[in-house]
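Student: One predicted model, sequence on top.
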Amino acid sequence: MTVKKSGRAPAKTPPKKPIHLKSKDKSPKIERPGIAKGTSAAKAAPAPKPAPVLKTASPKPAPIAAAKVKKTNGAVKVGVVGCAGRMGQMLLKMLINAAGIVVVGGTERRGSAALGQDLGALAGAEPLGISVSDDPSMLFDAADVVVDFTNPTATVQHAQMAAKTGCALVIGTTGFDSDQLASLGRAAQRAPIVLAANMSLGVNLLQQVVEEVARILDSDWDIEIIEMHHKHKVDAPSGTALSLGEAAARGRGQSLRRIARRIRDGQVGPRIKGEIGFATLRGGDVVGDHTVIFAAEGERVEITHRAASREIFARGALKSVLWAAGKRPGLYSMRDVLGFSVQAPQSATSNGSTPQGV
Ligand code: NAD
(Lines give C-alpha, C1' and ligand atoms only; values in the text may rest on other atoms or scores of the structure.)
Protein backbone atom coordinates (compact mmCIF):
# COMPACT_ATOMS: atom_id res chain seq x y z
CA MET A 1 0.00 0.00 0.00
CA THR A 2 1.55 3.26 -1.05
CA VAL A 3 0.06 5.62 1.41
CA LYS A 4 2.19 8.27 2.94
CA LYS A 5 3.51 7.92 6.42
CA SER A 6 1.61 10.38 8.47
CA GLY A 7 0.91 8.74 11.77
CA ARG A 8 3.90 10.45 13.36
CA ALA A 9 3.38 13.81 11.69
CA PRO A 10 1.67 15.44 14.63
CA ALA A 11 4.62 14.69 16.87
CA LYS A 12 6.78 16.98 14.72
CA THR A 13 4.72 20.01 15.65
CA PRO A 14 5.00 21.47 19.11
CA PRO A 15 2.55 19.85 21.50
CA LYS A 16 -0.76 21.61 21.24
CA LYS A 17 -3.56 22.19 23.60
CA PRO A 18 -5.79 19.11 23.23
CA ILE A 19 -8.86 19.50 21.05
CA HIS A 20 -12.03 18.44 22.78
CA LEU A 21 -14.51 16.83 20.43
CA LYS A 22 -17.86 17.77 21.92
CA SER A 23 -21.37 17.70 20.54
CA LYS A 24 -21.73 21.39 21.11
CA ASP A 25 -18.83 21.98 18.74
CA LYS A 26 -21.28 21.05 15.99
CA SER A 27 -22.76 24.55 15.93
CA PRO A 28 -19.91 26.11 13.93
CA LYS A 29 -20.58 23.51 11.28
CA ILE A 30 -17.43 24.38 9.45
CA GLU A 31 -15.37 22.73 12.18
CA ARG A 32 -16.65 19.22 11.57
CA PRO A 33 -15.42 18.96 7.99
CA GLY A 34 -12.18 20.51 9.17
CA ILE A 35 -11.79 17.72 11.66
CA ALA A 36 -12.97 15.13 9.23
CA LYS A 37 -10.62 15.86 6.42
CA GLY A 38 -7.47 17.09 8.11
CA THR A 39 -4.58 15.23 9.69
CA SER A 40 -4.14 15.10 13.44
CA ALA A 41 -1.99 18.19 13.12
CA ALA A 42 -4.67 20.00 11.16
CA LYS A 43 -7.16 19.02 13.81
CA ALA A 44 -5.07 20.73 16.41
CA ALA A 45 -5.74 24.12 14.77
CA PRO A 46 -7.76 25.93 17.39
CA ALA A 47 -9.81 28.36 15.26
CA PRO A 48 -13.20 27.08 14.20
CA LYS A 49 -13.42 29.70 11.43
CA PRO A 50 -13.55 28.80 7.74
CA ALA A 51 -9.87 28.64 6.86
CA PRO A 52 -8.94 28.18 3.17
CA VAL A 53 -7.97 24.57 3.68
CA LEU A 54 -11.56 23.82 4.49
CA LYS A 55 -12.55 24.59 0.91
CA THR A 56 -11.38 21.11 -0.01
CA ALA A 57 -13.75 19.65 2.51
CA SER A 58 -17.10 18.82 0.98
CA PRO A 59 -20.16 17.71 2.91
CA LYS A 60 -20.00 14.05 3.81
CA PRO A 61 -21.30 12.01 0.86
CA ALA A 62 -23.71 9.10 1.04
CA PRO A 63 -22.31 6.02 2.77
CA ILE A 64 -21.18 3.95 -0.21
CA ALA A 65 -19.72 6.89 -2.12
CA ALA A 66 -17.96 8.02 1.02
CA ALA A 67 -16.16 4.73 1.29
CA LYS A 68 -14.91 5.01 -2.28
CA VAL A 69 -13.70 8.55 -1.85
CA LYS A 70 -11.99 7.70 1.38
CA LYS A 71 -9.80 5.07 -0.20
CA THR A 72 -8.09 7.59 -2.45
CA ASN A 73 -7.35 10.08 0.29
CA GLY A 74 -3.88 8.89 1.26
CA ALA A 75 -3.39 7.94 4.87
CA VAL A 76 -6.29 6.16 6.50
CA LYS A 77 -7.92 8.27 9.22
CA VAL A 78 -8.58 6.09 12.22
CA GLY A 79 -10.50 6.57 15.46
CA VAL A 80 -10.46 4.32 18.53
CA VAL A 81 -13.53 3.95 20.73
CA GLY A 82 -12.75 2.59 24.18
CA CYS A 83 -9.26 4.01 23.76
CA ALA A 84 -8.36 3.79 27.46
CA GLY A 85 -9.15 0.08 27.76
CA ARG A 86 -6.57 -2.72 27.76
CA MET A 87 -6.94 -3.29 24.03
CA GLY A 88 -7.70 0.35 23.24
CA GLN A 89 -4.44 1.64 24.66
CA MET A 90 -2.33 -1.03 23.02
CA LEU A 91 -4.02 -0.44 19.70
CA LEU A 92 -3.68 3.32 19.97
CA LYS A 93 0.05 2.99 20.46
CA MET A 94 0.36 0.70 17.46
CA LEU A 95 -1.77 2.97 15.26
CA ILE A 96 0.21 6.07 16.18
CA ASN A 97 3.39 4.35 15.05
CA ALA A 98 1.94 2.70 11.94
CA ALA A 99 2.70 3.78 8.39
CA GLY A 100 -0.28 4.87 6.30
CA ILE A 101 -2.43 5.71 9.29
CA VAL A 102 -3.30 8.93 11.04
CA VAL A 103 -5.12 8.83 14.36
CA VAL A 104 -7.96 11.35 14.33
CA GLY A 105 -9.52 10.75 17.71
CA GLY A 106 -10.50 8.46 20.54
CA THR A 107 -13.47 8.13 22.84
CA GLU A 108 -14.24 6.72 26.24
CA ARG A 109 -17.43 6.15 28.22
CA ARG A 110 -18.94 9.05 30.14
CA GLY A 111 -17.27 9.43 33.50
CA SER A 112 -14.04 7.75 32.45
CA ALA A 113 -10.93 9.18 34.09
CA ALA A 114 -9.30 9.26 30.66
CA LEU A 115 -11.65 11.96 29.29
CA GLY A 116 -9.72 15.08 28.32
CA GLN A 117 -6.34 13.34 28.34
CA ASP A 118 -4.14 13.66 25.28
CA LEU A 119 -4.41 10.56 23.09
CA GLY A 120 -0.66 10.36 22.50
CA ALA A 121 0.09 10.59 26.19
CA LEU A 122 -2.56 7.97 26.93
CA ALA A 123 -0.70 5.60 24.62
CA GLY A 124 2.68 6.45 26.15
CA ALA A 125 3.70 8.35 23.01
CA GLU A 126 4.29 12.03 22.24
CA PRO A 127 1.24 14.29 22.56
CA LEU A 128 -1.02 14.34 19.49
CA GLY A 129 -2.93 17.48 20.41
CA ILE A 130 -6.20 15.51 20.44
CA SER A 131 -7.99 14.78 23.66
CA VAL A 132 -10.06 11.75 24.62
CA SER A 133 -13.73 12.57 24.06
CA ASP A 134 -17.05 11.04 25.06
CA ASP A 135 -18.68 12.00 21.75
CA PRO A 136 -18.36 9.16 19.24
CA SER A 137 -20.51 10.91 16.61
CA MET A 138 -17.72 13.41 15.94
CA LEU A 139 -15.30 10.56 15.55
CA PHE A 140 -17.46 8.71 13.03
CA ASP A 141 -17.67 11.89 11.00
CA ALA A 142 -13.92 12.41 11.12
CA ALA A 143 -12.58 8.91 10.54
CA ASP A 144 -12.37 6.52 7.61
CA VAL A 145 -12.25 3.60 10.02
CA VAL A 146 -13.18 3.31 13.70
CA VAL A 147 -11.89 0.46 15.82
CA ASP A 148 -14.03 -0.78 18.70
CA PHE A 149 -12.91 -2.87 21.67
CA THR A 150 -15.57 -1.86 24.20
CA ASN A 151 -18.67 -3.83 25.23
CA PRO A 152 -21.66 -5.17 23.26
CA THR A 153 -24.08 -2.35 24.17
CA ALA A 154 -21.62 0.38 23.20
CA THR A 155 -20.59 -1.46 20.04
CA VAL A 156 -24.18 -1.71 18.81
CA GLN A 157 -24.51 2.06 19.21
CA HIS A 158 -21.24 2.57 17.36
CA ALA A 159 -22.41 0.31 14.55
CA GLN A 160 -25.49 2.50 14.14
CA MET A 161 -23.22 5.52 13.79
CA ALA A 162 -21.15 3.65 11.22
CA ALA A 163 -24.35 2.93 9.28
CA LYS A 164 -25.30 6.61 9.37
CA THR A 165 -21.94 7.89 8.20
CA GLY A 166 -20.64 5.02 6.04
CA CYS A 167 -17.50 4.96 8.18
CA ALA A 168 -15.90 1.51 8.33
CA LEU A 169 -15.99 -0.21 11.72
CA VAL A 170 -13.59 -2.87 12.98
CA ILE A 171 -15.15 -4.69 15.93
CA GLY A 172 -13.07 -6.67 18.38
CA THR A 173 -15.69 -6.63 21.15
CA THR A 174 -17.08 -10.03 22.15
CA GLY A 175 -20.13 -11.29 24.01
CA PHE A 176 -22.98 -10.24 21.68
CA ASP A 177 -26.39 -11.86 22.00
CA SER A 178 -28.38 -12.78 18.91
CA ASP A 179 -30.36 -9.49 18.84
CA GLN A 180 -27.15 -7.51 19.02
CA LEU A 181 -25.61 -9.60 16.24
CA ALA A 182 -28.69 -8.98 14.11
CA SER A 183 -28.31 -5.25 14.74
CA LEU A 184 -24.68 -5.39 13.60
CA GLY A 185 -25.82 -7.26 10.50
CA ARG A 186 -28.30 -4.49 9.69
CA ALA A 187 -25.64 -1.81 10.16
CA ALA A 188 -23.36 -3.75 7.81
CA GLN A 189 -25.83 -3.17 5.00
CA ARG A 190 -24.75 0.47 5.05
CA ALA A 191 -21.11 0.36 6.19
CA PRO A 192 -18.21 -2.06 5.97
CA ILE A 193 -17.92 -3.89 9.30
CA VAL A 194 -15.20 -6.34 10.25
CA LEU A 195 -16.39 -8.50 13.12
CA ALA A 196 -13.74 -10.72 14.65
CA ALA A 197 -13.90 -12.38 18.05
CA ASN A 198 -10.19 -13.02 17.80
CA MET A 199 -7.90 -11.00 15.58
CA SER A 200 -4.78 -13.12 15.94
CA LEU A 201 -3.40 -14.92 12.91
CA GLY A 202 -2.85 -18.08 14.96
CA VAL A 203 -6.43 -18.39 16.15
CA ASN A 204 -7.82 -17.78 12.70
CA LEU A 205 -5.54 -20.50 11.40
CA LEU A 206 -6.75 -22.71 14.24
CA GLN A 207 -10.34 -22.16 13.13
CA GLN A 208 -9.46 -23.38 9.65
CA VAL A 209 -7.69 -26.43 11.03
CA VAL A 210 -10.50 -27.28 13.46
CA GLU A 211 -13.08 -27.06 10.69
CA GLU A 212 -11.03 -29.38 8.52
CA VAL A 213 -10.38 -31.90 11.31
CA ALA A 214 -14.09 -31.92 12.23
CA ARG A 215 -14.91 -32.57 8.58
CA ILE A 216 -12.52 -35.52 8.45
CA LEU A 217 -13.42 -37.18 11.77
CA ASP A 218 -16.84 -38.78 12.21
CA SER A 219 -19.23 -38.28 15.12
CA ASP A 220 -17.56 -41.06 17.14
CA TRP A 221 -15.08 -38.30 17.95
CA ASP A 222 -16.42 -36.10 20.74
CA ILE A 223 -15.56 -32.42 20.47
CA GLU A 224 -14.86 -30.38 23.61
CA ILE A 225 -13.47 -26.84 23.82
CA ILE A 226 -11.60 -25.45 26.84
CA GLU A 227 -10.66 -21.82 27.26
CA MET A 228 -8.88 -19.82 29.95
CA HIS A 229 -8.71 -16.04 30.31
CA HIS A 230 -7.69 -13.40 32.84
CA LYS A 231 -9.90 -12.69 35.82
CA HIS A 232 -11.33 -9.46 34.37
CA LYS A 233 -13.03 -11.06 31.38
CA VAL A 234 -16.80 -10.61 31.62
CA ASP A 235 -18.25 -12.91 28.95
CA ALA A 236 -18.18 -16.71 28.83
CA PRO A 237 -17.48 -18.87 26.96
CA SER A 238 -15.08 -16.57 25.15
CA GLY A 239 -16.01 -15.34 21.69
CA THR A 240 -13.03 -17.26 20.39
CA ALA A 241 -14.17 -20.52 22.00
CA LEU A 242 -17.58 -20.04 20.40
CA SER A 243 -15.98 -19.28 17.03
CA LEU A 244 -13.98 -22.51 17.32
CA GLY A 245 -17.23 -24.30 18.12
CA GLU A 246 -18.79 -22.73 15.02
CA ALA A 247 -15.86 -23.94 12.95
CA ALA A 248 -16.18 -27.48 14.29
CA ALA A 249 -19.94 -27.47 13.75
CA ARG A 250 -19.47 -26.20 10.20
CA GLY A 251 -17.00 -29.01 9.55
CA ARG A 252 -19.76 -31.43 10.55
CA GLY A 253 -22.38 -29.63 8.52
CA GLN A 254 -24.25 -28.60 11.68
CA SER A 255 -25.35 -25.41 13.38
CA LEU A 256 -23.55 -24.81 16.67
CA ARG A 257 -26.71 -23.41 18.20
CA ARG A 258 -28.33 -26.85 17.98
CA ILE A 259 -25.45 -28.90 19.36
CA ALA A 260 -23.62 -26.62 21.82
CA ARG A 261 -23.45 -27.66 25.49
CA ARG A 262 -22.19 -24.47 27.10
CA ILE A 263 -22.62 -25.44 30.75
CA ARG A 264 -22.54 -28.74 32.67
CA ASP A 265 -23.42 -28.69 36.33
CA GLY A 266 -24.83 -31.41 38.58
CA GLN A 267 -26.44 -34.66 37.39
CA VAL A 268 -26.25 -33.96 33.67
CA GLY A 269 -26.27 -37.60 32.54
CA PRO A 270 -24.00 -39.17 29.93
CA ARG A 271 -22.60 -37.11 27.11
CA ILE A 272 -24.96 -36.76 24.15
CA LYS A 273 -23.38 -37.98 20.94
CA GLY A 274 -22.63 -35.16 18.53
CA GLU A 275 -22.76 -32.30 21.02
CA ILE A 276 -19.92 -29.77 21.28
CA GLY A 277 -19.04 -29.02 24.91
CA PHE A 278 -17.44 -25.91 26.40
CA ALA A 279 -15.48 -25.42 29.61
CA THR A 280 -14.47 -21.99 30.90
CA LEU A 281 -11.59 -21.15 33.26
CA ARG A 282 -10.82 -17.68 34.64
CA GLY A 283 -7.81 -16.46 36.58
CA GLY A 284 -4.74 -14.26 36.85
CA ASP A 285 -3.54 -12.42 33.78
CA VAL A 286 -3.97 -15.14 31.15
CA VAL A 287 -4.32 -13.34 27.81
CA GLY A 288 -6.17 -16.24 26.16
CA ASP A 289 -5.70 -20.03 25.89
CA HIS A 290 -7.92 -22.24 23.73
CA THR A 291 -7.83 -25.99 23.21
CA VAL A 292 -10.11 -28.02 20.98
CA ILE A 293 -10.20 -31.70 21.94
CA PHE A 294 -11.32 -34.45 19.59
CA ALA A 295 -11.76 -37.53 21.81
CA ALA A 296 -12.49 -41.07 20.58
CA GLU A 297 -12.19 -44.54 22.15
CA GLY A 298 -8.47 -45.05 22.78
CA GLU A 299 -7.11 -41.83 21.33
CA ARG A 300 -7.39 -38.07 21.48
CA VAL A 301 -6.35 -35.16 19.28
CA GLU A 302 -5.84 -31.78 20.97
CA ILE A 303 -5.20 -28.54 19.13
CA THR A 304 -4.12 -25.56 21.23
CA HIS A 305 -3.46 -21.87 20.79
CA ARG A 306 -1.95 -19.73 23.53
CA ALA A 307 -1.79 -15.95 23.35
CA ALA A 308 1.17 -14.52 25.23
CA SER A 309 0.47 -10.86 24.54
CA ARG A 310 -2.42 -8.62 23.50
CA GLU A 311 -0.17 -7.33 20.76
CA ILE A 312 -1.27 -10.18 18.51
CA PHE A 313 -4.85 -8.87 18.63
CA ALA A 314 -3.76 -5.28 18.06
CA ARG A 315 -1.69 -6.37 15.04
CA GLY A 316 -4.77 -8.10 13.62
CA ALA A 317 -6.85 -5.00 14.28
CA LEU A 318 -4.28 -2.87 12.46
CA LYS A 319 -4.42 -5.20 9.46
CA SER A 320 -8.21 -5.01 9.55
CA VAL A 321 -8.14 -1.22 9.61
CA LEU A 322 -5.98 -1.01 6.49
CA TRP A 323 -8.09 -3.66 4.79
CA ALA A 324 -11.47 -2.16 5.70
CA ALA A 325 -10.80 1.39 4.50
CA GLY A 326 -12.79 1.95 1.35
CA LYS A 327 -14.50 -1.46 1.31
CA ARG A 328 -18.12 -1.78 0.25
CA PRO A 329 -20.70 -2.22 3.00
CA GLY A 330 -20.91 -5.76 4.31
CA LEU A 331 -20.17 -7.92 7.30
CA TYR A 332 -16.63 -9.24 7.01
CA SER A 333 -14.55 -11.60 9.11
CA MET A 334 -10.84 -12.05 9.74
CA ARG A 335 -10.89 -14.68 7.03
CA ASP A 336 -11.63 -11.93 4.57
CA VAL A 337 -8.94 -9.72 6.04
CA LEU A 338 -6.30 -12.46 6.11
CA GLY A 339 -7.34 -13.87 2.73
CA PHE A 340 -7.89 -17.41 3.96
CA SER A 341 -9.66 -19.62 1.47
CA VAL A 342 -13.14 -20.58 2.58
CA GLN A 343 -14.19 -24.08 1.64
CA ALA A 344 -17.13 -24.34 3.99
CA PRO A 345 -20.70 -23.83 2.84
CA GLN A 346 -21.36 -20.10 2.58
CA SER A 347 -23.84 -18.50 4.93
CA ALA A 348 -25.43 -15.49 6.50
CA THR A 349 -23.23 -12.52 5.70
CA SER A 350 -23.62 -10.20 2.78
CA ASN A 351 -20.25 -11.08 1.30
CA GLY A 352 -20.75 -14.79 1.78
CA SER A 353 -18.15 -15.12 4.52
CA THR A 354 -19.04 -16.71 7.81
CA PRO A 355 -19.30 -14.44 10.82
CA GLN A 356 -17.24 -15.48 13.77
CA GLY A 357 -19.12 -16.58 16.82
CA VAL A 358 -18.81 -13.63 19.09
P1 NAD B 1 -11.41 -3.13 28.87
O2 NAD B 1 -12.50 -3.17 29.88
O3 NAD B 1 -10.02 -2.98 29.35
O4 NAD B 1 -11.68 -1.93 27.81
C5 NAD B 1 -12.95 -1.55 27.37
C6 NAD B 1 -12.97 -0.04 27.32
O7 NAD B 1 -14.15 0.40 26.67
C8 NAD B 1 -12.96 0.59 28.72
O9 NAD B 1 -11.91 1.55 28.80
C10 NAD B 1 -14.32 1.24 28.83
O11 NAD B 1 -14.34 2.40 29.63
C12 NAD B 1 -14.59 1.56 27.36
N13 NAD B 1 -15.99 1.82 27.09
C14 NAD B 1 -17.11 1.23 27.62
N15 NAD B 1 -18.21 1.81 27.12
C16 NAD B 1 -17.81 2.73 26.23
C17 NAD B 1 -18.49 3.65 25.39
N18 NAD B 1 -19.82 3.71 25.34
N19 NAD B 1 -17.75 4.48 24.61
C20 NAD B 1 -16.40 4.44 24.63
N21 NAD B 1 -15.70 3.59 25.43
C22 NAD B 1 -16.40 2.76 26.21
O23 NAD B 1 -11.58 -4.44 28.00
P24 NAD B 1 -10.53 -5.08 26.96
O25 NAD B 1 -9.77 -6.16 27.62
O26 NAD B 1 -9.81 -4.00 26.23
O27 NAD B 1 -11.56 -5.81 25.97
C28 NAD B 1 -12.58 -5.10 25.32
C29 NAD B 1 -13.40 -6.08 24.46
O30 NAD B 1 -12.56 -6.63 23.45
C31 NAD B 1 -13.95 -7.28 25.24
O32 NAD B 1 -15.22 -7.61 24.70
C33 NAD B 1 -12.96 -8.39 24.95
O34 NAD B 1 -13.51 -9.68 25.06
C35 NAD B 1 -12.61 -8.06 23.52
N36 NAD B 1 -11.31 -8.55 23.03
C37 NAD B 1 -11.29 -8.99 21.74
C38 NAD B 1 -10.10 -9.39 21.17
C39 NAD B 1 -10.09 -9.78 19.72
O40 NAD B 1 -9.06 -10.22 19.20
N41 NAD B 1 -11.21 -9.62 19.02
C42 NAD B 1 -8.92 -9.38 21.93
C43 NAD B 1 -8.98 -8.94 23.27
C44 NAD B 1 -10.19 -8.51 23.79
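Tutor: Everything's here; your move.
Student: my guess is Gly277 is in a strand, correct?
Tutor: Yes: assigned with DSSP: H, G, I helix; E, B strand; the rest coil, Gly277 falls within a strand.
Student: neighbours around it, how many?
Tutor: By other CB atoms under 10 Å, 19 other residues sit near Gly277. (C-beta placed from N, C-alpha, C; glycine too.)
Student: Buried by neighbour count: which residues of stretch 231-251 qualify?
Tutor: 233, 235-251 (16 or more other CB atoms under 10 Å).
Student: quick one: which helix or strand includes Ala182?
Tutor: Element membership of Ala182 [criterion: DSSP states H and E] is helix 178-187.
Student: could you say what helices and strands whichever strand or helix holds Val104 packs with?
Tutor: In the assignment (DSSP H and E), Val104 maps to strand 101-107. Applying 3 or more CB pairs under 8 Å, 6 or more residues apart in numbering; DSSP states H and E, we find strand 101-107 packed against helix 40-43, strand 76-81, helix 86-96, helix 119-122, helix 136-142, helix 311-324.
Student: Highest mean neighbour count out of the ones you listed?
Tutor: Most buried of the helices and strands packed on strand 101-107, by mean neighbour count (mean count of other CB atoms under 10 Å): strand 76-81, with a mean of 30.
Student: Between helix 311-324 and it, find me the angle.
Tutor: On the basis of axes from the mean of the first three to the mean of the last three CA atoms, to 10 degrees, strand 76-81 is oriented at 130 degrees to helix 311-324.
Student: hmm, back to that, kindly reformat the helices and strands packed on strand 101-107 as TSV containing distance to the ligand.
Tutor: TSV is the format used below for the helices and strands packed on strand 101-107 (distance: least, CB to the nearest ligand atom, whole Å):
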stretch	distance to the ligand
helix 40-43	19
strand 76-81	5
helix 86-96	3
helix 119-122	10
helix 136-142	6
helix 311-324	4
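Student: Find the closest residue to the ligand in the protein.
Tutor: Gly85 (2.0 Å; CB to the nearest ligand atom).
Student: Tell me how far that residue lies from Val78.
Tutor: 16 Å (CB to CB, to the nearest Å).
Student: what do you get for Pro270?
Tutor: For Pro270 relative to Val78 (CB to CB), the value is 51 Å.
Student: Kindly report the same for Gly245.
Tutor: 32 Å.
Student: Contacts only, for Met334.
Tutor: 194, 196, 198-199, 204, 316, 320, 356 (CB atoms under 8 Å, 6 or more residues apart in numbering).
Student: Can you check the pLDDT for the residue of the chain closest to the ligand?
Tutor: For Gly85, the model assigns a pLDDT of 97.
Student: Could you give the number of residues near the residue nearest to it when sequence neighbours are not counted?
Tutor: Of all residues not flanking Gly85 in the chain, Phe149 sits nearest, at 5.9 Å (CB to CB, 6 or more residues apart in numbering). By other CB under 10 Å, the residues close to Phe149 number 27.
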